[in-house]
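**Q** what follows is a predicted protein model with its sequence.
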Amino acid sequence: MASPSTATRVPRRHRAAPVPATRFDRRLAQILAHATDVFCEKGYEGASMRDLSRASGMSLAGLYYYFESKERLLFLIQKHTFTTIVQRLKSRLEGVNDPEQKIRIFILNHLEYFLAHPASMKVLSHEAEALKNGFASEVATIKREYYRICVGLLDELKRDRGLQFSTRIAVLSLFGMMNWIYTWHNPRVDADAGQLASEMGDIFLRGLMTGTKARKDGR
């Protein structure tokens, strides 16, 4: 078994591929990007539909026609973000058989997206409780799918490598490592997403291997 430090890195063919989009999709993505910047700067409660209208270049009447409230815009930002991450992850995992490699792809996919979209990460983190009723339920469903994918990848690693660890604790630890990056990452001095994902994968996987060995040795 290859150690984390010598494991194969994520090959180029598993880097993010461009997602085809219609003209409507591109326009919607632009509006959501502008809305994300406004929510990031002013907060969900502090932002108004007029602020969002000015930022997007759409008339206030037009904005209300397509998005009846700023809550719907926040919902679409969260849905678009998580759906994009999950779809790209599934595409990159196709044809990959090595469980360790799958986890490295999971880490790369997450870091790559959020380092390229720091405002989205801030909005998702700070406004997680702002959505209500059906909006919150639909986003929660996508989040649960993402969580279950990670659980499945770690359970697969456990079976393949004969490891012993709590899958839930490992998943929560991994998300903790990945999600704090957006707060502290400085692109002027820190590595890019690919290098960060490689080193984070080494640290995370080495921790799982070392912890299992310690338990087997009775320490």
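**A** The structure has been received and is ready for your questions. Numbering: from 1, shown residues only.
**Q** so residue 59 sits against residue 53, correct?
**A** Yes. In this structure, residue 59 is within contact of residue 53 by CB atoms under 8 Å, at 6.5 Å. Placement of C-beta: from N, CA and C, glycine included.
**Q** who has more neighbours out of those two?
**A** Neighbour count, other CB atoms under 10 Å: between residue 59 and residue 53, residue 53 has more, with 20 against 10.
**Q** so what's the closest residue to residue 75 other than its chain neighbours scoring on pLDDT?
**A** Leaving aside its sequence neighbours, residue 75 sits nearest to residue 135 (CB to CB, 6 or more residues apart in numbering; 4.1 Å). Model confidence at residue 135, given as pLDDT, is 90.
**Q** I'd like the distance between residue 135 and residue 55.
**A** Distance, residue 135 to residue 55, by CB to CB, to the nearest Å: 21 Å.
**Q** now the chain, which segments are flagged as low pLDDT?
**A** 1-21, 211-219 (pLDDT under 70).
**Q** mind listing the helices for it?
**A** 23-42, 49-56, 60-66, 70-93, 99-116, 118-126, 133-161, 167-179, 181-184, 193-217 (DSSP state H).
**Q** need the residue closest to the centroid of this protein.
**A** A centroid search over the chain (CA atoms, centre = their mean) returns residue 110, at 4.1 Å, as the residue closest to the centre.
**Q** name the nearest residue to that one, sequence neighbours excluded.
**A** Residue 110 sits nearest to residue 178 (CB to CB, 6+ apart), 4.9 Å away.
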